[in-house]
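> heads up, no residue letters with this:
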Ligand code: C2E
Ligand code: CA
Ligand code: CA
C-alpha cells in the first residue's frame, strides 16, 4: 500500500491548527458565559437549567474527541461548582456532593460522547480510505489519483509526470493463470516500478488492465522517461507460479501549463496511449495532433464493432491460377466492408490496419474464417485466409480456427493461412508456435508479402511453412528490369529449395505472367486473371474458366 499517495489523497483531513485554536477559545468563552448566565439569569444551580452546560461539553467532545469531552466536562462542572450558589436570591451554597456528582456526570458524558465521535470518525475515515483503494490489488485507485493530482494542481510549479500503462495481453494471462491473475500482476508491476525505477513514483490502479504512474514534480534535470517504465517487463512475471511474458503500452501526458486539471492530464495520457496502439508502438507522449486521429480511430472502431454485429462485412475472393496452365487452383479470401451509409464497398486498407491494432481483430478474424470455411464447401478448392501478428499470439483464436474447420467437416488441406513476414519478425517465438499449431490441424501455412519484412532465411528454414508468396513489389518491374528478373529467379529458387509452393501476387500483365511461368513460379495471382469478387461471381468465373479450358483441350489450337 502506498501510504504517501493515500495521504496526499486524504490531505483535506490533515489537522488545521489555526481553526482548532479559534474553536478552543470559542468553547471556553461559551463555557464561562454559559455558566454565569445559567446560574444568575435562572436564579441558581437549584433548577434544571445547568444541564444546558452540556451543549459546549458535547461540542468539545465532537471536535476534540475523548480529551475534549473530558476537559469540557471538567471545566463545565467546575464552573458550576462551589463558587456558584444554589439560590442567587438567598446566596445559599450548594451541597458538595451535589456539585461533585455534577462534575462526574459532565466528565463521564463528555468522555463517552468523545469516544462515540472518535468511533464514528474512524469508521468514516476507513470508508474514505476504502473508497480510494482498489480492494483486489491494494493499490490506490482512480479516485485517489484524481485527488492526488487535484490537491497539487493549484500551486504546482513543475509539470507532473503522468503515464497511463496498459497491459496488452491481460486476457490471455487471465486465461492461463486464472481470473485473479490480473490483480496479482498489477501488484507485482507496481512493486517493480517502485523498487526498480524510482521509490518516489506513485502507482495507481486505473482499471482492470491499466495503471497510472505519477510523480508530482518531474523536473527537467532528472525527468523520467516513459520508456524507462518498460524495464519492468524485461523479465517475465511469475503469476501464481506461472511465468508470463507481459506486454505493455505506455501513454504519457504532454507538457502542461501549471494548473492543468487532473482529468485533462489523464485524458492526454489516454490519447497518447491510443496513439501508441494505433502506430503499433510501445510508448507515446501526448501531442495535440494526436487528438484528431484518435477521435477518428475511436469512431472507426466503433463502426467496425457495429458492422461485425450487423453483418456489414463480406468476403471477396481472388483466384490463384497455375502458372503453367492458367487453371484455377484456389482463391484468397479478402474482407470488404459494405458501407451502411451508401452501400458502397470500403476496401480493407481503410480499416484493417487500425482493426489489427485493436481487440476487434479477434472477432474480425473469426468472422473471416467462419465465412471462408462456409464458402470452401461450394468452391471445392483451396482457400486462403489472412491472419495478423496479433492473431498469432492469441492461442485461443488459433485453436478455434482449427475447431471451426473440424466442426464444418472440412478437409484441413483445403485451407491455407497467410501470415505476413512482418508478423513473424515481430514475435518469432509466438509465430513459430502458432504456425506449428496450425500445421498440426492440417492447414497449409504460407508466408505473405515475402521480401518486404526483413525476415531471415533462418525463419524460412526452421518454420514449418508450406508456401511462399512473393510480394507484388517484386513483380511490378519484371518486364523492364533485368535485375528484377534475376532477383525473382533467386526468390523462386529459395522457395523451391525449401520445398515451398511459390506464389507471385500482383500479376497485372501478360508479360509478367510469361516471365514468372518461365522462372518456374507455381501459382500466380493478380488483376491480369481476375480482381477479387463476391462469392457467386467467383463461382461463375471459375465455371466459365473451366469450360474454356475444356474447350481448349477438345480443340487444341
Ligand atoms: P494482401 O494479403 O497482400 O492481399 C492482396 C491484396 O492485393 C488485395 O488487396 C488484392 O486486391 C490486391 N491485389 C491483387 N491482385 C493485384 C494486382 O494485380 N495489382 C494490385 N495492385 N493489387 C492486387 P485488398 O483486398 O485491398 O487487401 C489489402 C490488404 O488488406 C491485404 O493484403 C491484407 O493485408 C489485408 N486484408 C484483406 N483481407 C483481410 C482479411 O480478411 N484479414 C486480414 N487480417 N487482412 C486482410
Ligand atoms: Ca494475403
Ligand atoms: Ca500479399
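That came in fine, so what should we check first? Computed from a prediction, not measured in an experiment: that's the story for all the values here. Ligands and ions are numbered 1, 2, ... in the order given.
> going by C-alpha atoms from here, please, whenever you check contacts or count neighbours.
Fine.
> any idea whether the residue most central in space within the chain is helix, strand or coil?
By CA atoms, centre = their mean, the mean C-alpha position of the chain lies nearest to residue 166, the distance being 4.1 Å. At residue 166 the chain is in strand, as set by DSSP: H, G, I helix; E, B strand; the rest coil.
> which residues sit in contact with it?
209-211, 248-250 (CA atoms under 8 Å, 6 or more residues apart in numbering).
> grab the nearest non-local neighbour of it.
residue 210 (4.5 Å; CA to CA, 6 or more residues apart in numbering).
> show me what the one you found is bridged to.
Residues in a beta bridge with residue 210, per DSSP bridges, are residue 166, residue 207.
> how near is the residue nearest to the centre of the chain to residue 277?
10 Å (CA to CA, to the nearest Å).
> overlap in contacts, these two.
residue 249.
> any idea how far residue 257 is from the residue nearest to the centre of the chain?
According to CA to CA, residue 166 and residue 257 sit 26 Å apart.
> repeat for residue 212
Taken as CA to CA, the span from residue 212 to residue 257 is 20 Å.
> who's more crowded, the two?
residue 212 (26 against 12; other CA atoms under 10 Å).
> I'd guessed that one sits against residue 193; true?
No: applying CA atoms under 8 Å as the test, residue 212 and residue 193 come out as separate, 10.9 Å apart.
> any idea how far residue 49 is from the residue located most distally from the centre of the chain?
Largest separation from the mean C-alpha position in the chain: residue 90, at 83.1 Å (CA atoms, centre = their mean). Distance, residue 90 to residue 49, using CA to CA: 18 Å.
> tell me which helix or strand of the protein sits lowest on mean pLDDT?
Ranking every helix and strand in the chain by mean pLDDT, DSSP states H and E puts helix 3-9 at the bottom, with a mean of 49.
> what segments of the stretch 201-350 of the chain are helices?
Secondary structure of the stretch 201-350 of the chain (DSSP state H, counting those that start in this stretch): helices located at 262-278, 290-310.
> which one of these lies nearest to ligand 1?
Among these, helix 290-310 comes nearest to ligand 1, with 12.7 Å by CA to the nearest ligand atom.
> pull out the buried residues from the closest one.
290-291, 294, 297, 300-301, 303-305, 307-308 (16 or more other CA atoms under 10 Å).
> what about residue 520, which SS state?
Going by three-state DSSP: residue 520 is coil.
> hmm, residue 492 and it touching each other?
Yes: with contact defined as CA under 8 Å, residue 520 counts as touching residue 492 (7.3 Å).
> that older thread, may I ask which of the contacts of residue 166 has the most neighbours?
Counting by other CA under 10 Å, top hit in those: residue 250 with 30 neighbours.
> let me see the mean pLDDT of stretch 405-421.
Stretch 405-421 shows a mean pLDDT of 88.
> tell me how far the ends of it are from each other?
End to end - CA to CA - stretch 405-421 spans 24 Å.
> that stretch near ligand 3 anywhere?
No: using CA under 5 Å from the ion, stretch 405-421 stays clear of ligand 3, with a minimum separation of 7.4 Å.
> assign residue 453 to helix, strand or coil.
coil.
> ligand 3 versus that one, what's the distance?
11 Å (CA to the ion, to the nearest Å).
> show me what contacts that residue?
So residue 453 contacts 420-422, 425 (CA under 8 Å, 6+ apart).
> returning to what we had before: just put the buried residues of helix 290-310 in a markdown table and tack on pLDDT and distance to ligand 1.
Converted to a markdown table, those look like this (pLDDT from 0 to 100; distance: CA to the nearest ligand atom, whole Å):
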| residue | pLDDT | distance to ligand 1 |
| --- | --- | --- |
| 290 | 87 | 24 |
| 291 | 87 | 26 |
| 294 | 79 | 21 |
| 297 | 85 | 17 |
| 300 | 92 | 16 |
| 301 | 92 | 15 |
| 303 | 94 | 17 |
| 304 | 95 | 13 |
| 305 | 94 | 15 |
| 307 | 96 | 14 |
| 308 | 95 | 13 |
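> ok, of these, which one's closest to residue 372?
Minimum distance to residue 372 across those is 15.2 Å, recorded for residue 308 (CA to CA).
> pretty sure that closest one contacts residue 364?
Yes: between residue 308 and residue 364 a contact is recorded at 7.2 Å, counting by CA under 8 Å.
> what does the stretch 351-500 of the chain put close to ligand 3?
Checking the stretch 351-500 of the chain against ligand 3 by CA under 5 Å from the ion, the hits are 448-449.
> over to the chain?
Residues of the chain lying near ligand 3 (CA under 5 Å from the ion): 448-449.
> following the longest helix belonging to the chain, which helix or strand comes up?
In the chain, taking DSSP state H as the definition, the longest helix is helix 96-130. Following helix 96-130 in sequence order, the next helix or strand is helix 142-153 (DSSP states H and E).
> and the angle for that following helix with helix 262-278?
120 degrees (axes from the mean of the first three to the mean of the last three CA atoms, to 10 degrees).
> for helix 142-153, packing partners?
helix 3-9, strand 202-207, helix 262-278 (3 or more CA pairs under 8 Å, 6 or more residues apart in numbering; DSSP states H and E).
> quick one: neighbours of residue 88, just the number.
Neighbours of residue 88 (other CA under 10 Å): 17.
> just checking, it touches residue 47?
No: using CA under 8 Å, residue 88 is not in contact with residue 47, being 11.3 Å away.
> filter the contacts of residue 453 by proximity to ligand 1?
Checked against ligand 1 using CA under 6 Å from any ligand atom, the contacts of residue 453 give no members in range.
> so which of those are in strands?
Per DSSP state E, strands hold the following members of these: residue 420.
> got the contacts of residue 453 as CSV, with neighbour count and distance to residue 325 columns?
Converted to CSV, the contacts of residue 453 look like this (neighbours: other CA atoms under 10 Å; distance: CA to CA, whole Å):
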residue, neighbour count, distance to residue 325
420, 21, 27
421, 25, 29
422, 20, 32
425, 16, 35
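> and the contacts of residue 453, which two are furthest apart?
420 and 425 (9.0 Å).
> centre of the chain to stretch 175-184, how far?
Put simply, stretch 175-184 sits 15 Å off its chain's centre (CA atoms, centre = their mean, to the nearest Å).
> what of stretch 274-294?
14 Å.
> same check, this time on stretch 132-141
That offset, for stretch 132-141, works out to 18 Å (CA atoms, centre = their mean).
> quick one: average confidence on that stretch?
93.
> measure that stretch end to end?
With CA to CA, one end of stretch 132-141 sits 5 Å from the other.
> tell me the buried residues in that stretch?
Neighbour-count burial for stretch 132-141 [16+ other CA under 10 Å]: 132-134, 137-141.
> same thing with stretch 328-343?
For stretch 328-343, by 16+ other CA under 10 Å, it's 328-338.
> need those in a markdown table with pLDDT, can you?
Below are these laid out as a markdown table (pLDDT from 0 to 100):
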| residue | pLDDT |
| --- | --- |
| 328 | 93 |
| 329 | 95 |
| 330 | 96 |
| 331 | 97 |
| 332 | 98 |
| 333 | 98 |
| 334 | 98 |
| 335 | 98 |
| 336 | 98 |
| 337 | 97 |
| 338 | 95 |
